[in-house]
Structures are given as structure tokens and as C-alpha cells.
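Chemist: Kindly generate the corresponding structure for this input.
(one chain, ligands or ions: 1)
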Amino acid sequence: MKDFAGKVAFITGGASGAGLGYAQIFSEAGMKVVIADYRQDHLDEAMAYFKEKNAPVHAIKLDVTDRAAFAAAADECEKVYGVPDLLILNAGVNVFGPAEASTYDDFDWVGGVVYGGTVNGLVTFVPRMIKAGPGRHIAATVSWGAFGAGSSTAPYSAAKAAQLNLMESYWIALKSYGIGVSAITPANIRSNIWQAATVGRPKEFNNTGYNVSDDTQNLLASIHAHGMDPRVLADWLKKGIENDLFLIVPYEHGPRMVEMALERFKYYASVEGMKEWEAKQAAGQTEEEFAMHCEREGMDLKSAMEMRNKAPAAGSFKDVGFGKARGDLDWVDKSKKFDK
Ligand SMILES: NC(=O)c1ccc[n+]([C@@H]2O[C@H](COP(=O)([O-])OP(=O)(O)OC[C@H]3O[C@@H](n4cnc5c(N)ncnc54)[C@H](O)[C@@H]3O)[C@@H](O)[C@H]2O)c1
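Modeler: Reported below is the predicted structural model:
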């Protein structure tokens, strides 16, 4: 898709963070935009912004895990603006802690929104988009987390890996219908995702196995404060769609990052490889790996280098118990530290 003016976009989680950045950039490109979001306060704030711009943007309160509501939202979109030319499946949530502390609620909530919400979006919209004709595009906000399994990110990275694989299947399947598919895989974005673990988590999924406290929330907020500007991310997505790219890694060194992240499987697959892998782990991060990490996290390389060998500052991961288990889980090794 190269021309956006006059066309229709439907964006889940479109009222905050990455989704709001997409809504702004595609609205500025002349699209009519539907933002569908779980949080009314985010919708109200976003709509105040678009009303001031006099932009054609329509808000729908939607929980992407609710299939009947998704179908109703698609009907509403068709009635208000038409079948989407661009569908962006972006809604997502996360929470972090040791895999062995995870509860069913941790998996069901994160997996239900990230993977389940993407499934629901595809099943709801793909038949409608095929029938409406070619020249359309579907994108999903995946995550850098899809490329790696962290010991403290199991529900999120597993759901993101599944989401990426799912989008690839649809990319292959929808080519012959003239519908493009993209997956964008950012690392740190400036957003409100850290609020998901508290205000954004429905009561029926509130049994977490992780340590979620004011301290861990404040630390997460400070990490996301230096993430990528959502409008910059949206520019990457727009360019990727214009060039019909499937995988959009929104960094200058994106292709090399992917190569490095996936290389581990080659080592895992043989006895010799495992020995080499363990030696690599013992040697620690290479300069190139560190530089790529800084690029993804939005950190200035020179100051990050200076910080690297210093003792952790107060408010660091270890200090506030970020990525740790809930205190009463007596099978979890409390000395383990967050490692992703
Ligand atoms: N923030 C990051 O560092 C980061 C990095 C990589 C990928 N992502 C992904 O980006 C996407 C957007 O997240 P963000 O960082 O902009 O967070 P955000 O919280 O600022 O925005 C996400 C929006 O999705 C909405 N949402 C949550 N659950 C929903 C549901 N069940 N149904 C409908 N809407 C729901 C929230 O209300 C929120 O407005 C997510 O898929 C996230 O996993 C974020």
C-alpha cells in the first residue's frame, strides 16, 4: 500500500503509546482512523487530541479478547467509515517475573490479549477485507521479545513469538488476495504499557505470581520514559507498509540484530554447539551486542559504556525486585536476578 489519503485504518490499542502514534501518523497521511481500546480514559484523551485537529477519528471501546464485541466493532467501523484498508493489531499488555512463579492468570491474561487479541482481529476482519477487495494491509505490533526467551518474560515473549509466527502464516496466505501483512518488532517504546500490570489488568485475572509493587512500577515507567517516540515507530511502520516489508525491525541495524538474536538456535542444536554457547555466555556480552542493546533501549552508547562497570544505581532492577516472584512463593529461588 502506497497511498493512504481517504482510506480507512482500524487500530486496536489505538488510544495510547504505539497505537496512538500510528493513529496520529496515519491520520496526518489523510486516513480516517478508528481507534479501538480497552481504556476509556485513554480513548477520551486521544479523542480530545484529534477533535482539536478536526481529524476524522472515531473511538470504540473494545476489549480485544471479546469476540462478539470485536465483530460489533467491525460492523461499527464499516458503518462509520467503511471496511478498513489498513488493520493494525496493536493492543498488548505485559507483566514480568520468573517463569517458575507464573500463574494461569499471568498466562491467560497476557496470552489472551497479545496472541488471542491478534487471532480475534484476524478472524473478524480478514474475511471482510478479502471481500472488500485487494490493495489492503494488515500489521501487528509484535516485539523484540518475540526473538528471545527470557527467564522472566515467559507469558509475554511466548505470546509475541506466537503472534509473529501467526502473522507470517497470514502474510503467506493473503498474498494471492492482494493483502499485505507486516509485523513490527520494537524493543523499548515510550508508552504507558507499565500501567497494564495494575490499572490495565482485569479483576478476573488478578492472581499474579510476580512481584508487582510501586517500586517495580516506577522503575518500569522510568525505563519506558526513554523508549522510542511512538511517532518515530509509526514512521517505520508506514515506510515498511509502503515497501511491502513483512518484518519491520525499527532500528538502523535491524537486520543484523535479527541475525544475532536467532543465531542461538544453531548452537542449541548440537552437543558441540552447546559447549560453544556456554563459552560465549561465560565471556559475556560482546561490544557489538552491547551497542545493539543500547540502540534498542534508546540509550546513548557513550554514557551507557561509562555506566556499565559502575555499581547498580539505587532504583535499579535488583534494588526494587523487578522481575522477581511474589514473596509467598516458597519454591522460587529468591536470589535469582532478572536477566532479560
Ligand atoms: N512499550 C514497549 O516498550 C513495547 C515494546 C515492544 C512492543 N510493544 C507492544 O506495543 C503494543 C502497544 O503497547 P504500548 O507499549 O503502546 O502500550 P500502551 O499501554 O501505552 O498502549 C496499549 C493500549 O492497548 C490497550 N489495551 C490493553 N489491553 C487491551 C485489550 N484487551 N483490548 C483493547 N485494548 C487493550 C491499552 O488500554 C492501551 O491504551 C503492544 O502490543 C506491546 O506489546 C511495546
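Chemist: so how far is Ser157 from the residue of the chain most remote from its centre?
Modeler: Within the chain, the residue lying farthest from the chain centre (Cα atoms, centre = their mean) is Glu272, at 34.8 Å. To Ser157, Glu272 is 27 Å away according to Cβ to Cβ, to the nearest Å. Every C-beta, even on glycine, is put in place using the N, C-alpha and C of the backbone.
Chemist: got it, and Val57?
Modeler: In terms of Cβ to Cβ, Val57 sits 32 Å off from Ser157.
Chemist: okay, how far is it across stretch 98-108, tip to tip?
Modeler: The straight-line separation of the ends of stretch 98-108 (Cα to Cα, to the nearest Å) is 16 Å.
Chemist: contact partners of that stretch?
Modeler: The set of residues external to stretch 98-108 that reach it, using Cβ atoms under 8 Å, 6 or more residues apart in numbering, is 95, 97, 151-152, 154-155, 205-210, 323-326, 329, 331-332, 336.
Chemist: what's the first-to-last distance across stretch 94-112?
Modeler: 11 Å.
Chemist: Domain map for the protein?
Modeler: Here the domain parsing of the chain from automatic domain parsing is 8-250, 256-309.
Chemist: Of those domains, flag the one that's most buried.
Modeler: domain 8-250 (a mean of 20; mean count of other Cβ atoms under 10 Å).
Chemist: Stretch 186-198 - what's its average pLDDT?
Modeler: Average pLDDT, stretch 186-198: 96.
Chemist: my bad, stretch 122-137
Modeler: For stretch 122-137, the mean confidence score works out to 98.
Chemist: Contacts for that stretch next, please.
Modeler: The set of residues external to stretch 122-137 that reach it, using Cβ under 8 Å, 6+ apart, is 1, 10, 67, 70-71, 73-74, 78, 82-87, 89, 138, 166, 170, 174, 177-182, 241.
Chemist: And for stretch 225-234?
Modeler: Stretch 225-234 is touched from outside by 17-22, 24-26, 184, 186-191, 250, 297-299, with contacts defined as Cβ under 8 Å, 6+ apart.
Chemist: among those, which are within reach of the ligand?
Modeler: Gly17, Ala18, Gly19, Pro186, Ala187, Asn188, Ile189, Ser191 (Cβ under 6 Å from any ligand atom).
Chemist: ok, and the closest non-adjacent residue to whichever residue of the stretch 51-200 of the chain sits closest to the ligand?
Modeler: Minimum separation of the stretch 51-200 of the chain from the ligand (Cβ to the nearest ligand atom) falls at Gly92, amounting to 2.2 Å. Among residues not flanking Gly92 along the chain, Val114 sits closest, at 4.9 Å (Cβ to Cβ, 6 or more residues apart in numbering).
Chemist: Do I have it right that that neighbour meets Val95?
Modeler: No - using Cβ atoms under 8 Å, Val114 is not in contact with Val95, being 11.3 Å away.
Chemist: Cool, thanks, talk later.
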